[in-house]
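1. this one's structure only:
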């Protein structure tokens, strides 16, 4: 009987806090339907890792020590970058670059929306983080979980767990974070600008050559980005080649969903109370939020500057879709456009910016690795 209640008497308040955080993530996933394939396993995992390890351990054959079951997933998929790279194949297979190829100038806004990465890098360094840790924290602003994992792991950051949690948490919270920021820096008149969409024909040859050319260019100019860009573009090549339809569908649905599920649980392995509830983690969460905000601001402000010189005005809200959270950010911008004017359909324009942001964020991550790796 004493053994039965021993765990109850030994509970720490930090564990209870993590259960509450896990419950909040599960609530957001189920009740609000916010990225349930990611937040649900993260929430459940956060509760799991803050329970006594009995019944949830396995044996390390080399050391003979007991390790948490989720730590096994972490070692198998995160520490060697396997999960991020496989997920990029699935993401690449999901992406249709046609809106971007039809209107290449949208790449400007995808690049501009990476401003938050470099602003946050300076902020983290000023707050006393080691440069490699500051660089790893800054990549949260890429709004791209796999890139954050890859960079933080490569730079051997001391805060890998907190960075992963922040990156994926804010990706899922894009519908909450972006709208108030966008409304703050745009006028009603700007948000009402309509952008009729006339899709230009893009040849199949161009669609096939695009992922190959982007991979070569990235490999030449930003070599450290080539693994991420290459896997992303390989996934897109599977989609566009026209001879691997069943494999493309598997990558988009089965592979992407399975790896996302595994990532959610794996991220939770770094949500143990004793490591997560620290001042440094709170600072990282705050810096991650700053990165997302300034990514949004950068994209919108460059769109506003563009309008000063352009004959045909664009809705500056689409600049905010330049973050890499695909396709969440594009959906948010389209929803905001329809809230202002129920005939203002911005989805295809926002998708074009969003997919350009996917490329730009990976290249930005490669630049960080080149500078600090």
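-> That came through fine. Everything quoted here is computed from the prediction, not taken from an experiment.
2. how near is the residue nearest to residue 179 when sequence neighbours are not counted to residue 256?
-> Excluding its sequence neighbours, the residue lying closest to residue 179 (CB to CB, 6 or more residues apart in numbering) is residue 336, at 5.9 Å. Quick note: C-beta positions are derived from backbone N, CA and C, even for glycine. Residue 336 sits 26 Å away from residue 256, going by CB to CB, to the nearest Å.
3. check the offset of the helix or strand hosting residue 258 from the chain's centre.
-> Element membership for residue 258, per DSSP states H and E: helix 256-268. Mean-position distance between helix 256-268 and its chain equals 13 Å (CA atoms, centre = their mean, to the nearest Å).
4. residues contacting the residue nearest to residue 179?
-> 179, 182, 191, 317, 346 (CB atoms under 8 Å, 6 or more residues apart in numbering).
5. the last one: what's it in contact with?
-> Taking CB under 8 Å, 6+ apart as the contact definition, residue 346 lies against 195, 315, 317-318, 333-334, 336-337.
6. between those residues, which is nearest residue 168?
-> Of all the contacts of residue 346, residue 333 has the smallest distance to residue 168: 20.9 Å, by CB to CB.
7. and the closest one, what does it touch?
-> Residue 333 neighbours (CB under 8 Å, 6+ apart): 178, 182, 317-318, 320-321, 346-347, 350.
8. tell me the pLDDT of it.
-> Model confidence at residue 333, given as pLDDT, is 92.
9. just give the nearest non-adjacent residue to it, would you?
-> Closest residue to residue 333 apart from its sequence neighbours, by CB to CB, 6+ apart: residue 350 at 4.0 Å.
10. please report how far the one you found lies from residue 118.
-> In this view, residue 350 and residue 118 are 23 Å apart by CB to CB.
11. once you drop chain neighbours, what's closest to residue 347?
-> Per CB to CB, 6+ apart, closest to residue 347 is residue 334, 4.0 Å.
12. of the contacts of residue 333, keep whichever come out buried.
-> For the contacts of residue 333, a burial check counting by 16 or more other CB atoms under 10 Å picks out 178, 182, 317-318, 320-321, 346-347, 350.
13. so which of the residues you listed comes closest to residue 25?
-> Nearest member of these to residue 25, counting by CB to CB, is residue 178, at 19.2 Å.
14. just the element for that closest one, please.
-> Per DSSP H and E: helix 174-185 holds residue 178.
15. packing partners for that helix?
-> With contacts defined as 3 or more CB pairs under 8 Å, 6 or more residues apart in numbering; DSSP states H and E, the packing partners of helix 174-185 are helix 279-309, helix 328-340.
16. so what's residue 37 closest to, chain neighbours aside?
-> residue 260 (5.0 Å).
17. can you pull the contacts of that neighbour?
-> Residue 260 makes contact with 37-38, 87 under the criterion CB under 8 Å, 6+ apart.
18. do the same with residue 159
-> Per CB under 8 Å, 6+ apart, neighbours of residue 159: 133, 136-137, 152, 280-281, 284.
19. which of the contacts of residue 260 tops the neighbour count?
-> residue 87 (25 neighbours; other CB atoms under 10 Å).
20. please verify my assumption that it contacts residue 256.
-> Yes - Residue 87 lies in contact with residue 256 (CB atoms under 8 Å); the separation is 6.5 Å.
21. quick check, nearest of the contacts of residue 159 to residue 306?
-> Comparing the contacts of residue 159 against residue 306 with CB to CB places residue 137 closest, at 29.8 Å.
22. tell me, how many residues neighbour the closest residue to the closest one other than its chain neighbours?
-> Spatially, and ignoring its direct neighbours in sequence, residue 137 is nearest to residue 124 (4.7 Å; CB to CB, 6+ apart). For residue 124, the neighbour count with other CB under 10 Å is 25.
23. try residue 208
-> 16.
24. let's have the chain start at 55 instead
-> With the count now opening at 55, the last piece we talked about shows up as residue 262.
25. now do residue 379, the pLDDT please.
-> Note for residue 379: predicted pLDDT of 80.
26. from residue 147, how far out is the nearest residue to it once chain neighbours are set aside?
-> Nearest non-adjacent residue to residue 379, counting by CB to CB, 6+ apart: residue 197, 4.3 Å away. Distance of residue 197 to residue 147, computed by CB to CB: 20 Å.
27. these two - which one has more neighbours?
-> Taking neighbours as other CB under 10 Å, residue 197 and residue 147 compare with residue 197 leading, 34 against 25.
28. check contacts around the more buried one.
-> Residue 197 makes contacts with 221, 224-225, 228, 346, 349, 377-379, 383, 411, 415, as judged by CB under 8 Å, 6+ apart.
29. tell me where this protein has strands.
-> 111-113, 120-122 (DSSP state E).
30. what's the least confident stretch among these?
-> Lowest mean pLDDT within the strands of the chain: strand 111-113, at a mean of 50.
31. now stretch 268-286, how far from the centre of its chain.
-> 18 Å.
32. list the buried residues in that stretch.
-> Applying 16+ other CB under 10 Å to stretch 268-286 flags 268-269, 272-273, 276, 278-286 as buried.
33. columns pLDDT and distance to residue 136 on top of the residues you listed, output as a markdown table?
-> Shown next, in a markdown table, are those (pLDDT from 0 to 100; distance: CB to CB, whole Å):
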| residue | pLDDT | distance to residue 136 |
| --- | --- | --- |
| 268 | 92 | 23 |
| 269 | 93 | 20 |
| 272 | 89 | 21 |
| 273 | 89 | 21 |
| 276 | 86 | 22 |
| 278 | 83 | 18 |
| 279 | 83 | 18 |
| 280 | 87 | 17 |
| 281 | 86 | 12 |
| 282 | 87 | 13 |
| 283 | 90 | 17 |
| 284 | 92 | 15 |
| 285 | 93 | 11 |
| 286 | 92 | 15 |
